[in-house]
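J.: give me the fold of what follows.
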Amino acid sequence: MLSPLDYLVLVVYLVAVAVWGILMAGRQNNTTEYFLGGRHLPWWAVCFSVVATETSTLTVISVPAVAYGGAMTFLQITLGYLLGRILVCIFFLPRYFEGRLVTAYAFLGKRFGDRMRMTASATFLVTRLLADGVRLFATAIPLKIVADSAGLTVFGTPVSYFQIIFVLGVVTIVYTLVGGIKAVVWMDVVQMVLYIGGGVLALILLLGEVPPDWWETAVVAGKTTVIDLGWGQSLSEWITQPYVFFTAVIGGTVFSMASHGTDQLIVQRLLACRNVADSRKALVGSAVVVAVQFALFLFVGLLLWSLYRGLSPAELGLSRADEIFPKYIVEGLPPGVSGLVLAGIVAAAMSTLSSSLNSLASSTVMDLWERLRKAAPEPLHALKVARGSTFFWGVVFVLFASLFEDTSNPVVELGLAIASFTYGGLLGVFLLGLRRGKTNETDAIIAFSVSIVLMMLVIFGLWFHPDSGWVITFDPADDFQSVGWPWYTAIGSAATLAVGSLLRFRH
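T.: Sure thing, here's the model as predicted:
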């Protein structure tokens, strides 16, 4: 049960975020200032903003669940994340800054044409809405546990996920709509410090509660394994295991190239830097910080496993592994600290949501509205449209987040799998654009579409069983395994490149 002090911390935080975010933003006179902060944000702030944006609540509550149910092998993927970011620094960022682009998809417009730009932008809008809908719902999990444990009701009925999401959405919409990217970036810096601080506090307190021999017990149980080379497993088994070393590194590298090189959510922040050198420092620095974050929250999950003696979520009275860390926050932390850690979880969600709202609005206005309008709008009119778009996407986000309430898998894996659904096609099209050749706009659109259809088959219809091998079915048995999610982006981008390269020979 939370104390009145914990509730006070949460309320003060929500109010302070809205007020401080607006004050930090200043005034904007055009869409360049609203979406890119006038291109003069410091690289270290952009670095922290990138980290806060990609981390979200999924890291805070679901990465500990991964360690609780498995081992520390999730950490292997951070090596791939670093390699992928380095490749983005080499091949993507110089092209973006040479053209003074306002969105990632403007590059596709210059290389292929407006149809490809608008297709990629529309795909980004749908994918980001779904993926971050998962993240927003994830935030409601610990807050719902808190509300239920306290017996809170609204008009005589228990507090619902939708009501929690609504409150978070309103607060985030306020400062994002008014302040633009400046408010988003500077609040991301504050929010990252808050949720990292909450994780460190939980770690320190857990170290004082676990048994003296917790490390030896964890080692014997195989919980401390970081590198899993998968020796003795077949190629098919490698492909289905997401945290085998080669799968994690190769898949993580390609995934990071897509997420940080083609996703407007991240690229928008990198374009807000003063120059390409600052942008590179922000991007590579974010890989290092993310690795430290993963290690922190995986270690929290390991300590929770020791504290609860490895009991399953059901044995703990929970419905999913993602509720284990929130359970400890509510029941195991002292008054005030519980509220602070919960505020950190809320901060992680709000940083991602605000970034999504601003990037969705920028893509809607720059890639779609201005292209369809076919005439340069007045700066102040475009700014009004930008704010209206931010509000629209905020409302849609609140509605979409409730779609994931019944998922039983760790939410972090679901969120990453949804993002991977289209990342492969987007990355493949960008790679086609970087190549000099005869691939034209029609070729690129066809290749991109083929990739999307293929990934629908791979994600939902391709399954493996040790006895029967690979089968295609849309009604798999419980003991069937799917392709590991880190491979999704690699498969999709390879398919796009292959189809696009073949189509150019028809000219």
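J.: any idea of the pLDDT on the residue nearest to the spatial centre of the chain?
T.: Computing the C-alpha centroid of the chain and ranking residues by Cα atoms, centre = their mean puts residue 54 first, at 4.2 Å. Listed pLDDT for residue 54 reads 83.
J.: so it is in which element?
T.: Here residue 54 is covered by helix 43-57, with elements defined by DSSP states H and E.
J.: and that helix, which residues are buried?
T.: For helix 43-57, a neighbour-count test (16 or more other Cβ atoms under 10 Å) marks 43, 45-57 as buried. (Each C-beta comes from the backbone N, C-alpha and C, glycine too.)
J.: just to revisit the earlier point, wait, doesn't the residue nearest to the centre of the chain sit right on residue 259?
T.: Yes: applying Cβ atoms under 8 Å as the test, residue 54 and residue 259 come out as touching, 7.1 Å apart.
J.: joint contacts of these two?
T.: Common contacts of residue 54 and residue 259 (Cβ atoms under 8 Å, 6 or more residues apart in numbering): residue 266.
J.: spit out the contact partners of the residue nearest to the centre of the chain.
T.: Contact analysis of residue 54 by Cβ under 8 Å, 6+ apart lists 259, 266, 286, 290, 352.
J.: re the thing from before, any idea which of the buried residues of helix 43-57 is closest to residue 493?
T.: Residue 493 lies nearest to residue 54 out of those, by Cβ to Cβ, at 19.0 Å.
J.: tell me the spacing between the closest one and residue 188.
T.: Relative to residue 188, residue 54 is positioned 10 Å away (criterion: Cβ to Cβ, to the nearest Å).
J.: residue 264 now?
T.: Applying Cβ to Cβ, one obtains 16 Å for the distance of residue 264 from residue 188.
J.: is it fair to say residue 367 lies in a helix?
T.: Yes: counting by DSSP: H, G, I helix; E, B strand; the rest coil, one finds residue 367 located in a helix.
J.: isn't it up against residue 118?
T.: Yes: because the distance of 6.2 Å satisfies Cβ under 8 Å, residue 367 is recorded as touching residue 118.
J.: three-state assignment of the closest residue to residue 370 other than its chain neighbours?
T.: Distance criterion Cβ to Cβ, 6 or more residues apart in numbering; nearest residue to residue 370, sequence neighbours excluded, is residue 377 at 6.8 Å. In terms of secondary structure, residue 377 is coil; the call rests on three-state DSSP.
J.: hang on, the earlier thing: more crowded one of residue 367 and residue 118?
T.: More neighbours surround residue 367 than the other of residue 367 and residue 118, with 27 against 18 (other Cβ atoms under 10 Å).
J.: which residues touch the closest residue to the more buried one other than its chain neighbours?
T.: If you skip the residues right next to it in sequence, residue 367 has residue 121 as its closest partner in space, 3.6 Å away by Cβ to Cβ, 6+ apart. Residues in contact with residue 121, defined by Cβ under 8 Å, 6+ apart, are 103, 105, 264, 363, 364, 367, 368.
J.: ok, 7 Å please
T.: The neighbours of residue 121, taking Cβ atoms under 7 Å, 6 or more residues apart in numbering as the test, are 105, 363, 367, 368.
J.: closest to residue 197 out of those?
T.: Ranking these by separation from residue 197, with Cβ to Cβ as the measure, puts residue 363 on top at 32.5 Å.
J.: isn't there a strand covering the closest one?
T.: No: following the definition three-state DSSP, residue 363 is helix and is not counted among the residues of a strand.
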